[in-house]
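Visitor: No letters, just coordinates:
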């Protein structure tokens, strides 16, 4: 079977899936955006990779636009680049993940015109993320853009041959609010590659280079987008100011990271460090440099946004402090694993208390980190995950289609 896995962000679980499917004899083309500002997996070709796997980064060849409509125009252009490459490969099925909606529309349309089954791997509701990104702008933009992109996302999900949500909780939301029903969906919870992120020594080459090996470190790694509150990290640094050997380290890029860096400078927070994204091949060492790992989910996100970084955190065997709504899937994973503590969003005092509890107790850190890793080993089996994707691909290429053909307003067409 010829399979395209189109993951816009270039994340580790998606490329691990592509490698697993290729190892089973399928011809797999893995596509990602080399322009997307996000921590990337190890996307280089490995010596053990089979010849039937190709991993390609695609680029628009232009600087990202700062304006809302400029971004939408660039995404529409980029969709044509992705669609053209997909059609050149002539796949039997295409799986698309993390695409902005204008990219997803272009790729889905091209696949359906060519008779290629199309699967939407639903990590986030992109229209909800877009709502957050334009919050505070003009009321007209919020109403017009919000309505258009919610209708577009509904249409794209309904017209997918299958939808892969990452949580069971999303099934009811898809049915009640998006008219996408269970028979169209296959839930696959997020995971992280166990062989790429492993517990290791805090005293490693990266931590020594950064001066972290002898410090107590609370570490945040990943994007700081509209569903995460970067000021929680600033507040934590304020709380730890009197702890002479404690650091809050943020490995991120973009607007949220810039805000944290500016606040650190303006408040003279010498214990708050902001670093750019680091190479994936040293990801284990980066996470191992931490005594406690930090995650954030805004109160407004509820179950709609699940930070994938938490799966890597659990693999790393370090305790996790997560600020998130109690019903969020990442919060459920922390509770199920025993690998950390969950505090309410915007409760900066509880966030600081939980972090300090781990920073001050080495025995508690070891016990909690061991529980985190044990949970990951029980849950993140790539062979079982690949089995499910393979069966889905076989069904969609051999059996009747299940997608709906909605009748929506002309604005969403």
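Guide: Looks like it arrived, so ask away. Model, not experiment: these values are computed from the prediction.
Visitor: what residues does the helix or strand hosting residue 87 touch?
Guide: According to DSSP states H and E, residue 87 maps onto helix 68-89. Residues outside helix 68-89 that contact it (C-beta atoms under 8 Å, 6 or more residues apart in numbering): 2, 4, 6, 29, 31, 33, 35, 56, 58, 60, 62, 64-65, 94, 99-107, 109-111, 114, 116, 134, 137, 141, 145. In this view, the C-beta of every residue, glycine as well, is placed from N, C-alpha and C.
Visitor: Kindly recompute the last result at 7 Å.
Guide: 2, 4, 6, 29, 31, 33, 58, 60, 62, 64-65, 94, 100, 102-103, 105-107, 110-111, 114, 134, 141 (C-beta atoms under 7 Å, 6 or more residues apart in numbering).
Visitor: Residues touching the very next helix or strand once past it, excluding its own?
Guide: Next helix or strand after helix 68-89 toward the C-terminus (DSSP H and E): strand 93-97. Applying C-beta under 7 Å, 6+ apart, the contact partners of strand 93-97 are 3-7, 14, 86, 104, 107, 111, 116-121, 123, 393, 396-397.
Visitor: what do you get for stretch 296-312?
Guide: 11, 124-125, 128, 166-167, 169-170, 190-192, 197, 221-222, 227-229, 232, 287, 295, 320, 322-325, 327-330, 333-334, 345-346, 380.
Visitor: Can you pull up the most central residue in this protein?
Guide: residue 308 (4.3 Å; C-alpha atoms, centre = their mean).
Visitor: That one and residue 390, how far apart?
Guide: Distance, residue 308 to residue 390, by C-beta to C-beta, to the nearest Å: 22 Å.
Visitor: list the contacts for residue 12?
Guide: 41, 192-193, 196, 280.
Visitor: Mind telling me the two of those farthest from one another?
Guide: The largest separation in the contacts of residue 12, counting by C-beta to C-beta, is between 192 and 280 at 11.6 Å.
Visitor: still on that earlier bit, list only those of the contacts of helix 68-89 flagged as buried.
Guide: 2, 4, 6, 29, 31, 33, 58, 94, 100, 102-103, 105-107, 110-111 (16 or more other C-beta atoms under 10 Å).
Visitor: from those residues, which is closest to residue 361?
Guide: residue 33 (42.0 Å).
Visitor: Surely that closest one touches residue 58?
Guide: Yes - between residue 33 and residue 58 a contact is recorded at 6.0 Å, counting by C-beta atoms under 7 Å.
Visitor: hang on, the earlier thing: which one of residue 192 and residue 280 is surrounded by more residues?
Guide: Set side by side, residue 192 and residue 280 show more neighbours around residue 192, with 23 against 20, by other C-beta atoms under 10 Å.
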